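Participant: fold the following for me, if possible:
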Amino acid sequence: MTAEYQVHGAVAVITLNNPPVNGMGLATRTAAVQGLQRAAADDAVKAIVITGAGKAFSGGADIKEFNTPQALAEPSLHTFIATAEGSSKPVVAAIHTVCMGGGLELSLGCHYRVALLGAQIALPEVKLGLLPGAGGTQRLPRVLGLEPALNMIVSGNPVSSEKLPALFDEIFAADAELLPSAIAFAAKIADVRPLPKVRDRQVNYPNHEAFLQFSRNTVKAMAGPFPAPLECVETVAASVTMKFEDGMQFERERFLHLIQTTESKALRHAFFAERLASKVPDVPADTPVRPIKSAAIIGAGTMGGGIAMNFLNAGIPVKLLEQRQEALDKGIATIRKHYESSLKKGKLTQEKLDQRMSLLTSTLSYDDIGQADIVVEAVFEELGVKEAVFRQLDAVMKPGAILATNTSTLDVDKIAAFTARPRDVIGTHFFSPANVMKLLEIVRGKETAKDVLATALALSKKLKKTGVVSGVCDGFIGNRMIEQYSRQAGFLLEEGALPEQVDQAAEKFGFAMGPFRMGDLAGNDIGWAIRKRRYVEKPEISYSKTADLLCEMGRYGQKTGAGWYDYKAGDRKAYPNDAVNAMIVQHSADLGIARRRISDTEIVERLVYALVNEGALILEEGIAMRASDIDMVYLTGYGFPLYRGGPMFYADTAGLPNVLAAIHRYAQGHQGEAWKAAPLLQKLAAEGRTFNG
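Facilitator: Take a look at the predicted model:
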């Protein structure tokens with residue numbers, strides 16, 4: 001049963017039991033409503049307690065039912081809550097650990113609420129582009145008051161039970177036995193009449209119009225392109241200005257409106273995509289993982305130091321290896337400086353800083369790292385350099401140690417072949433700055449053992465990363481796609497755009513950074529080195545020469561104070577440079593191209609559809625397991641706008657036939673051979689299907 005029924009003396013207890021968080025799916029709602037009806041019919045029962053089994057009271061709706069008929073089937077959540085509220089016998093919600101979303105809305109429909117200290121209380125629907133749709137916007141203000149309720153609903157953040165005394169009739173110590181305490185409380189109030197109902201309370205707030213207008217202005221400024229936060233303000237406002245039933249009706253209308261918005265669909269897509277990314281069809285969920293109790297990092301540069309911090313933050317001891325003492329000292333000083341900066345900002349305590357630094361040791365000798373459970377190589381992106389490192393690692397690392405490479409483009413299978421243990425080799429591609437960026441591309445070689453892959457996925461969670469599995473190809477998922485995006489950015493310059501216009505169009509679309517500001521941040525010399533390799537390996541691929549000419553001017557980006565833009569010390573703002581723009585215009589003339597005015601729409605389509613078309617090839621080749629994995633890579637690693645759901649989801653939204661038509665159109669223009677429509681895109685468009693269908 002997903003809701004158990006027991007009677008203790010004169011108190012019936014209904015226990016929601018749908019692990020892991022007692023999501024209120026159809027089976028759970030049905031069993032719970034039957035329990036309420038059974039208690040109503042039993043004359044010996046004087047009061048009812050609703051609680052949750054295991055590690056939660058209830059986390060709310062059952063996400064497995066999203067977008068299925070079961071979500072709306074009777075008894076709906078509204079019916080469940082109405083049955084509790086309409087009970088002729090008092091109903092007590094006994095809350096522990098987690099009470100969120102529909103779980104909190106259920107408790108607000110009960111006559112009484114008791115809780116353990118430290119229970120996490122939230123209405124997080126806004127994070128999925130929605131608002132509480134089962135009375136939360138109408139009942140919570142009636143209990144907490146207008147301002148605290150509005151803050152909780154608009155932020156979606158959890159609040160500890162002891163900070164919400166108005167919500168509970170009694171709060172028990174964190175180590176108290178909840179059920180006996182709740183049963184005793186229920187027995188105590190069993191005969192109290194009339195039964196208190198939240199719906200009968202009024203929201204009293206002096207001069208509420210001024211407060212609500214202030215809230216609208218504040219939320220509008222902070223919500224950006226997301227409609228849900230402002231809708232939350234409007235529905236909470238209804239708790240003050242409308243009768244309860246009218247407010248409930250208004251909440252329902254706004255909920256149904258939001259659930260249809262692209263922004264909410266994109267947020268829900270990202271929510272599910274993140275959970276799906278860790279599921280690999282041929283690697284069962286119960287695959288044993290190797291213990292990771294210690295790590296070694298090869299290379300103490302920017303990347304190596306950032307990777308080391310991820311392990312230190314997770315409480316895993318790290319040995320940092322470098323060739324020269326000077327490089328080692330510099331790397332350790334940078335890590336310390338970063339932590340000290342967090343300390344100054346109040347994000348870290350001195351105790352935490354000391355604890356993390358105490359987990360860090362350094363060495364110049366490979367012999368000192370042999371006992372580490374995982375070693376991550378973060379050296380220069382050149383196959384010969386990687387070969388030397390992996391031959392050393394093969395010689396010194398203990399059996400069963402995981403050998404990971406942080407390569408961003410090189411062949412993981414070739415790297416694995418430098419060892420006698422290719423099963424233990426995997427790609428762990430961290431993104432810069434590695435201690436900040438959420439994405440971890442986990443590259444599965446053809447020999448990588450299943451338990452090594454399972455361990456890397458489990459480790460990504462421990463390091464608070466979103467791990468996405470990629471197959472082996474040049475650039476994996478993210479960098480292989482960004483290359484096509486960057487090529488289009490270069491061709492746009494040759495045809496008539498300037499860096500500032502391209503970047504502004506991309507940023508207006510919602511990218512965190514346009515392609516040229518991104519190049520300046522990453523270092524234009526890195527792209528130059530990759531292109532030089534491409535000219536030899538793949539001479540058939542064309543690139544705009546503008547980026548090479550820029551590097552020949554010595555303009556490598558922010559680190560040199562000059563790239564596509566100029567930069568001032570201590571200022572990250574990008575200032576357009578006349579000499580760079582003159583170089584671009586001259587280059588068009590040298591190519592015999594008459595420069596034209598390019599619309600922002602064309603800029604965005606060419607950048608985004610270049611990503612989509614390459615993404616379709618990656619899917620077709622099996623490099624990515626699913627379209628949503630590609631979206632996750634772009635949402636967490638490349639600043640793609642969250643409210644657009646990732647490139648593949650965006651293409652689905654735009655309509656694949658429209659995407660295909662645009663690609664055919666651009667194939668007629670300058671460097672049109674870059675636009676060869678992926679067979680999968682053509683197939684899905686012809687069949688009226690989507691990438692994420």
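Participant: can you pull out the strands in the stretch 101-250 of the chain?
Facilitator: Taking DSSP state E, counting those that start in this stretch, the strands of the stretch 101-250 of the chain run over residues 112-116, 120-122, 159-160, 170-172.
Participant: partner strands of the first one and their direction?
Facilitator: It refers to strand 112-116. With DSSP bridges as the test, strand 112-116 is paired with strand 91-95 (parallel), strand 170-172 (parallel).
Participant: about what we covered before: could you single out the most deeply buried of the strands of the stretch 101-250 of the chain?
Facilitator: The highest mean neighbour count among the strands of the stretch 101-250 of the chain, using mean count of other Cβ atoms under 10 Å, belongs to strand 112-116: a mean of 25. Using the backbone N, CA and C atoms, a C-beta is placed for each residue, glycine as well.
Participant: reformat the strands paired with strand 112-116 as JSON lines; add mean pLDDT.
Facilitator: What follows is these, written out as JSON lines (pLDDT from 0 to 100):
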{"stretch": "strand 91-95", "mean pLDDT": "98"}
{"stretch": "strand 170-172", "mean pLDDT": "97"}
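Participant: the strands of the stretch 101-250 of the chain: which one's closest to residue 491?
Facilitator: Between residue 491 and the strands of the stretch 101-250 of the chain, the shortest gap by Cβ to Cβ is with strand 120-122, which sits at 47.5 Å.
Participant: neighbouring contacts of the closest one?
Facilitator: Outside strand 120-122, the residues that touch it by Cβ atoms under 8 Å, 6 or more residues apart in numbering are 95, 97-101, 104, 115, 152, 156-161, 164, 167.
Participant: now, of the residues you listed, which are buried?
Facilitator: 95, 97-101, 104, 115, 152, 156, 158-159, 161, 164, 167 (16 or more other Cβ atoms under 10 Å).
Participant: and the furthest pair within those?
Facilitator: Spatial extent of these (Cβ to Cβ) is set by the pair 115 and 156 at 19.6 Å.
Participant: need the strands of the stretch 101-250 of the chain in a markdown table with distance to residue 533, can you?
Facilitator: Formatted as a markdown table, those follow (distance: least, Cβ to Cβ, whole Å):
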| stretch | distance to residue 533 |
| --- | --- |
| strand 112-116 | 60 |
| strand 120-122 | 49 |
| strand 159-160 | 53 |
| strand 170-172 | 63 |
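Participant: for the chain, what helix or strand is lowest in average pLDDT?
Facilitator: helix 524-537 (a mean of 87; mean pLDDT, DSSP states H and E).
Participant: not counting its neighbours along the chain, what's nearest residue 545?
Facilitator: residue 587 (6.5 Å; Cβ to Cβ, 6 or more residues apart in numbering).
Participant: assumed the one you found was part of a helix.
Facilitator: Yes: counting by DSSP: H, G, I helix; E, B strand; the rest coil, residue 587 falls inside a helix.
Participant: only the buried residues of stretch 538-556, if you could.
Facilitator: Within stretch 538-556, the residues that count as buried by 16+ other Cβ under 10 Å are 543-551, 555-556.
Participant: quote the end-to-end distance of it.
Facilitator: With Cα to Cα, to the nearest Å applied, stretch 538-556 spans 24 Å between its terminal residues.
Participant: centre of the chain to it, how far?
Facilitator: Relative to its chain's centre, stretch 538-556 lies at 34 Å (Cα atoms, centre = their mean, to the nearest Å).
Participant: for stretch 297-304, same thing?
Facilitator: Chain-centre distance of stretch 297-304: 25 Å, with Cα atoms, centre = their mean.
Participant: domain-wise, how is this protein divided?
Facilitator: 3-259, 295-470, 478-687 (automatic domain parsing).
Participant: in a markdown table: those, plus distance to residue 278.
Facilitator: Output for those, formatted as a markdown table (distance: least, Cβ to Cβ, whole Å):
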| stretch | distance to residue 278 |
| --- | --- |
| domain 3-259 | 15 |
| domain 295-470 | 5 |
| domain 478-687 | 10 |
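Participant: what ranges do the strands span in the stretch 501-650 of the chain?
Facilitator: 565-568, 571-576.
Participant: residue 644 and residue 269 touch, don't they?
Facilitator: No: the criterion here is Cβ atoms under 8 Å, and residue 644 misses it with residue 269 at 9.9 Å.
Participant: which parts of the stretch 301-450 of the chain are helices?
Facilitator: Listed in chain order, the helices of the stretch 301-450 of the chain (DSSP state H, counting those that start in this stretch) span residues 302-313, 325-344, 350-358, 383-396, 412-416, 450-462.
Participant: before we move on, the earlier item: among the strands of the stretch 101-250 of the chain, which comes closest to residue 665?
Facilitator: For these, the distance to residue 665 is smallest for strand 120-122, at 47.1 Å, taking Cβ to Cβ.
Participant: strand partners of the closest one, parallel vs antiparallel please.
Facilitator: As defined by DSSP bridges, the strand partners of strand 120-122 come to strand 98-100 (parallel), strand 159-160 (antiparallel).
Participant: and of those strands, who's closest to residue 617?
Facilitator: Evaluated over those, closeness to residue 617 peaks at strand 98-100, with 40.4 Å, by Cβ to Cβ.
Participant: thinking again about what came up before, among the strands of the stretch 101-250 of the chain, which is nearest residue 342?
Facilitator: Among the strands of the stretch 101-250 of the chain, strand 159-160 comes nearest to residue 342, with 23.8 Å by Cβ to Cβ.
Participant: could I get the average pLDDT for the closest one?
Facilitator: Averaged across strand 159-160, pLDDT comes to 98.
Participant: just give me how far it sits from the chain centre.
Facilitator: How far strand 159-160 lies from its chain's middle: 22 Å, per Cα atoms, centre = their mean.
Participant: quick one: contacts of that strand?
Facilitator: 117-122, 152.
Participant: kindly report the same for stretch 55-67.
Facilitator: So stretch 55-67 is contacted by 16, 18, 20-26, 28, 51-52, 71, 77, 93-107, 119, 124, 268, 271-272 (Cβ under 8 Å, 6+ apart).
Participant: narrow the residues you listed to those in helices?
Facilitator: Using DSSP state H to define helices, the subset of those located there is 26, 28, 77, 102-107, 268, 271-272.
Participant: can I get those in CSV including distance to residue 352 and pLDDT?
Facilitator: Below are those laid out as CSV (distance: Cβ to Cβ, whole Å; pLDDT from 0 to 100):
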residue, distance to residue 352, pLDDT
26, 45, 96
28, 40, 96
77, 41, 95
102, 36, 97
103, 32, 98
104, 32, 98
105, 37, 98
106, 38, 98
107, 35, 98
268, 35, 93
271, 30, 94
272, 33, 93
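Participant: closest one of these to residue 35?
Facilitator: Out of the ones in helices among the contacts of stretch 55-67, the member with the shortest distance to residue 35 (by Cβ to Cβ) is residue 28, at 10.5 Å.
Participant: separation between the closest one and residue 111?
Facilitator: 21 Å (Cβ to Cβ, to the nearest Å).
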